[in-house]
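**Student:** Compute the structure for the input listed below.
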Amino acid sequence: MPKIIYITQDGTRHEVDVETGYSVMEGAINHDIEGIIAECGGACACATCHSYIDEAWMDRIPAMDDMEDSMLDAAYERKSNSRLTCQIEVKEELDGLVVHVGDNDY
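**Tutor:** Residues are numbered from 1 along each chain as shown. Modelled structure (predicted):
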């Protein structure tokens, strides 16, 4: 099982095993990672799973589609490495992915 590393707003590092086929958001929800609110349940309709992907991983995750790009416009403090974690499927090649949880409680 791939290990995903979530770093929450307070700097706490959480290394958790996430089943392949799940989204990075579902991995966070299943392991009670603080800050991933996921109000829409992963439908790419709320931006409350917004996070920052570690720069070293940006070229290893799939490119975002137009819907995610549009929804990220509603995210607080969007940056070049912003992504909606509901849109990133966990695969073996993402073992070690580092995700910095955004400020989603606004």
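
**Student:** contacts and neighbour counts: CA atoms only from here.
**Tutor:** Fine.

**Student:** Number of residues surrounding residue 55?
**Tutor:** Counted with other C-alpha atoms under 10 Å, residues neighbouring residue 55 total 12.

**Student:** So what does the residue most central in space within the chain look like in phi/psi?
**Tutor:** Nearest to the mean C-alpha position of the chain, counting by C-alpha atoms, centre = their mean, stands residue 85 at 2.8 Å. Dihedral pair for residue 85: phi -70, psi -20, per degrees, to the nearest 10.

**Student:** What segments of this protein are helices?
**Tutor:** According to DSSP state H, the chain carries its helices in the segments 24-30, 66-72.

**Student:** Deepest-packed of these, please.
**Tutor:** Mean neighbour count (mean count of other C-alpha atoms under 10 Å) peaks for helix 24-30 among those, with a mean of 22.

**Student:** Need the residues that contact it.
**Tutor:** 4, 6, 16-19, 36-38, 42, 49, 84-90 (C-alpha atoms under 8 Å, 6 or more residues apart in numbering).

**Student:** I am finished for the moment; much appreciated.
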